[in-house]
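Colleague: Here's my sequence, what's the structure:
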Amino acid sequence: MLSILDRYFLRELGQTVGATIIVLLVIMAGTAFAHVLEQVAKGSFPASVMFQVLGLQMVDGLSNMLPLAGFLGVLLAFGRMYRESEMHVLSSSGMGMGGLLRPMAIVAVVMIALVGMVSMWLGPMAARTSDSLVAAANRSVIAAGLDAGRFTELPGKGGIIFVDALSRDGSTLGNTFIAAERTNRDGSVVMKMISGKHGRLYQSTDGSNRYLALYTGWQYEIPLGADNWRRMQYERNDSALSSVQSDDPEDPIHNLDMLDLMRTDTPDARAEFAWRTVVPIMTLALLMMALPLARQSPREPKYGRMLIAVLGFFVYYNLLALCRGQLAKGHWHHPTPMWLLSIALFAIAAWGFRNNYIARKPRKASA
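Modeller: Numbering: from 1, shown residues only. As a prediction, this is how the structure comes out:
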């Protein structure tokens, strides 16, 4: 049964951690949105799936954001209580380490369960869903923004296309008309117009380029300002659409679920497995570290400890990333250093927290 003090601590921690998560989500959403817009502009995927990809990428990034949010939230909540002397009053009333450890244990269990679920299940599933969504969109002219019965800008080509009919999956076209401009090396501009009775959209073998194949039609090349027009009848004419140029290529190892990942014995798989398993331990170590860092005097600068905490987090995170890189390169074959680093941080934090509450020996009065 929770006491009144436990419920008070849980309410304060829940509100502060929740607010921190919302703030970090907004920051992450802005960064991810700019990146997704850049990918759309480069032709990696059509704009019609932009928001679905954005949401899935944010879910995949929660495993890195939630430990920091919990760390900062606990630090802010307890730091406010120390600055306003609430903790000092509670300590003088007989509250010891157990008064803080009980609500912190509940918060830690919830955060570790949430982070573990995201890192081991939701994150890889979101990455797989995002990749399959982009692949399906790049195979469909409907998802690429084309619609039957209206003129549409060619994706990434600076021209227009008109189709009178589309199949349900968007891969087969009816009567098609394409008009586009091309600038030659000598600076002359050529208008290119193509008509076909039917067509289909397909990708290259490696999936990096998209093409529109038209059948049984005519092609016209009209140099602007000249009279040397060209007309050609064809049985099949392939036109390149925007290339699929992604700065974030598919990561098949990251997309694997935990069972398949454990069956894969490669350096990349070992590094990915180590990262997924160390993130919950990292969350526990950071929550423990927040307890001694939050202790401050009322006159201490409000964000002084926050700066130290953020710098410490990035040092710790970069050390874990360095260990992951060693595993991915095959220099290490076991994630033990990553676990030991997190356990050492937890031990240091626990020692610092205990040292704050240990009973002091009374000084002997000087004669």
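
Colleague: shaky segments in the protein?
Modeller: By pLDDT under 70, the weakly predicted segments of the chain are 42-46, 96, 138-146, 154-158, 169-170, 204-209, 241-251, 357-367.

Colleague: Show me the helices in it, by range?
Modeller: When secondary structure is read from DSSP state H, the chain shows helices at 4-41, 50-83, 86-92, 97-117, 123-139, 252-255, 258-263, 267-294, 304-328, 336-357.

Colleague: Give me the angle between the longest one and helix 123-139.
Modeller: An angle of 20 degrees separates the directions of helix 4-41 and helix 123-139 when computed by axes from the mean of the first three to the mean of the last three Cα atoms, to 10 degrees.

Colleague: Going by neighbour count, which residues in helix 4-41 are buried?
Modeller: 9-10, 12-14, 16-17, 20-21, 24-25, 28, 32, 36, 39-40 (16 or more other Cβ atoms under 10 Å). For glycine as for every other residue, the C-beta is placed from the backbone atoms N, C-alpha and C.

Colleague: between it and helix 50-83, how big is the angle?
Modeller: Interaxial angle of helix 4-41 relative to helix 50-83 (the same axes, to 10 degrees): 150 degrees.

Colleague: which helices and strands does helix 4-41 pack with?
Modeller: Helices and strands in packing contact with helix 4-41 are listed as helix 50-83, helix 97-117; criterion 3 or more Cβ pairs under 8 Å, 6 or more residues apart in numbering; DSSP states H and E.

Colleague: now it, how far from the centre of its chain.
Modeller: In terms of Cα atoms, centre = their mean, to the nearest Å, the centre of helix 4-41 is set 13 Å apart from its chain centre.

Colleague: now that helix and helix 267-294, what's the angle there?
Modeller: An angle of 140 degrees separates the directions of helix 4-41 and helix 267-294 when computed by the same axes, to 10 degrees.

Colleague: how many neighbours does residue 86 have?
Modeller: By other Cβ atoms under 10 Å, the residues close to residue 86 number 14.

Colleague: mind listing what it touches?
Modeller: Residues in contact with residue 86, defined by Cβ atoms under 8 Å, 6 or more residues apart in numbering, are absent; none qualify.

Colleague: which of the helices and strands packed on helix 4-41 sits most buried?
Modeller: helix 50-83 (a mean of 21; mean count of other Cβ atoms under 10 Å).

Colleague: who does that one touch, helix- and strand-wise?
Modeller: So helix 50-83, by 3+ Cβ pairs under 8 Å, 6+ apart, packs with helix 4-41, helix 86-92, helix 97-117, helix 123-139, helix 267-294, helix 304-328.

Colleague: re earlier: would you mind giving the helices and strands packed on helix 4-41 as JSON lines with distance to residue 263 added?
Modeller: Conversion of those to JSON lines gives the following (distance: least, Cβ to Cβ, whole Å):
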{"stretch": "helix 50-83", "distance to residue 263": "21"}
{"stretch": "helix 97-117", "distance to residue 263": "20"}
